[in-house]
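K.L.:
Predicted structure and sequence below. I'll ask about it afterward.
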Amino acid sequence: MDGVNQPLRIGFVVNFEPSDPPGEWLGTYMPATRFHSEVLRAIPRAGRAWLPPYVAEFAGLARQRHRLADFDVLFTWELRATVATLLLQRITGHRAARVVSLNPTLKDWSLRALPLVRRALPDAACVVSFSTEEMERSRRLLRMPASSFRYVPRFAEPVATPARSGSTELESDFALALGHSNRDFPTLWRALEGSDVSVVMYHNRYLRRHANPHVRAVPQMLPADAELALVREARFHVIPLREAAFASGLTVLLRAMAHARAVVITDTTGVRDYVRDGETAVLVPPGDARALRDAMQWLWHDAAARERIGRNAAEAVRAEFATRRFAWRLCELAGAVMRPSAAVEEAVCVS
């Protein structure tokens, strides 16, 4: 920055059109007098969708490589955008911007590319994880010091007037099971045997192969308002997860909580950072169909429990996981990773 009164220049590097990840909307929560934010899309041109992960992000961001020098801090969304940014900084020599990696989950492709990731990630000023367990695992796998990592909770947009969990005006005759990443559908299928719970979910490969009289499918890629109606009308949400070393299901969880919906979710990596069992959600052990059935049956029939848990969940989102609070935490990180100076102290956002 050239002067004390100049705002910090923030760039968000994303590898798809931002809606859930930080984008222009997140910049609206940052004080304009202290921060100027833009989005860089690491998306390959049409016709290059065949490129493998990491190569695709690198090719997409390389077209904007001259812009890397335009920012003081670059927040990179997920690991592939992080690696692309750090490699381009090395190649171009535009290394003044401090890179903060947001949610660099180590799984699938990233584990196969671990040697490359280990060479690139130490150049980041900070690595942010959305779960404490995953943060510790990433530190071990990447062989980086604990001081390089920060836990920052994921976010959800609070709802001004969330639907009441016990509201008969909005509730319908189904539980909602959105999402597909790391989902444990076999355990859900066993849990539904002998129950009277009806579940709505997106049509997917597992459902095509395993028809279930308790499950009703809706088309993939519903319009946003139609999906929101499902979120609000469900008696409760169920998120069956496979046991894994990385966090999953958090976006669906927090959105349901924001709308005051009770949630049954598998107790896997990261979940306990966001819920209190029996208070803001109901936790069940991984692979335990009986526990999942009992939890679903309880919430299916107990409107008072749904009301209590849903109300607590919405309050937790407003107090701990609101989008505005997430933005404030990024403001603080942006100041913290800059070299100590009077300019930085002036720019830090005080929540």
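P.N.:
Perfect, I can see it now. Just so it is clear, the structure is predicted and the values come from calculations on it, not from any experiment.

K.L.:
can you pull out the helices in this protein?
P.N.:
Under the criterion DSSP state H, the chain contains helices at 24-27, 55-62, 78-92, 109-112, 114-120, 132-142, 185-192, 205-209, 224-233, 250-258, 289-301, 303-316, 323-337, 342-347.

K.L.:
Need the ones you listed in a markdown table (columns: distance to residue 152, mean neighbour count and mean pLDDT).
P.N.:
To be clear about C-beta, it is placed using only N, CA and C from the backbone, and glycine gets the same treatment. Formatted as a markdown table, the helices of the chain follow (distance: least, C-beta to C-beta, whole Å; neighbours: other C-beta atoms under 10 Å; pLDDT from 0 to 100):
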| stretch | distance to residue 152 | mean neighbour count | mean pLDDT |
| --- | --- | --- | --- |
| helix 24-27 | 13 | 16 | 68 |
| helix 55-62 | 22 | 20 | 88 |
| helix 78-92 | 14 | 22 | 92 |
| helix 109-112 | 19 | 14 | 84 |
| helix 114-120 | 20 | 15 | 91 |
| helix 132-142 | 10 | 18 | 94 |
| helix 185-192 | 30 | 21 | 98 |
| helix 205-209 | 33 | 12 | 93 |
| helix 224-233 | 24 | 14 | 92 |
| helix 250-258 | 12 | 24 | 96 |
| helix 289-301 | 29 | 19 | 98 |
| helix 303-316 | 16 | 20 | 97 |
| helix 323-337 | 5 | 20 | 91 |
| helix 342-347 | 19 | 16 | 39 |
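
K.L.:
low pLDDT regions in the stretch 151-300 of the chain?
P.N.:
161-171 (pLDDT under 70).

K.L.:
if we can go back for a sec, I'd like a version of the helices of the chain in a markdown table, one that adds distance to residue 241 as further columns.
P.N.:
Listed next are these as a markdown table, based on distance: least, C-beta to C-beta, whole Å:
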| stretch | distance to residue 241 |
| --- | --- |
| helix 24-27 | 27 |
| helix 55-62 | 27 |
| helix 78-92 | 19 |
| helix 109-112 | 19 |
| helix 114-120 | 24 |
| helix 132-142 | 13 |
| helix 185-192 | 9 |
| helix 205-209 | 14 |
| helix 224-233 | 18 |
| helix 250-258 | 10 |
| helix 289-301 | 11 |
| helix 303-316 | 18 |
| helix 323-337 | 23 |
| helix 342-347 | 39 |
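
K.L.:
quick one: which of these is nearest residue 269?
P.N.:
helix 132-142 (4.9 Å; C-beta to C-beta).

K.L.:
sorry, back to before: would you tell me which of the helices of the chain gets closest to residue 40?
P.N.:
helix 55-62 (6.6 Å).

K.L.:
Break the protein into its domains for me.
P.N.:
The record's domain parsing of the chain by automatic domain parsing lists 8-153+323-347, 175-321.

K.L.:
Show me the one of the ones you listed that comes nearest residue 160.
P.N.:
Evaluated with C-beta to C-beta, the domains of the chain place domain 175-321 nearest to residue 160, the distance being 9.9 Å.

K.L.:
related to what we said a few turns ago, can you tell which of the helices of the chain is closest to residue 13?
P.N.:
Of these, nearest to residue 13 by C-beta to C-beta is helix 78-92, at 4.6 Å.
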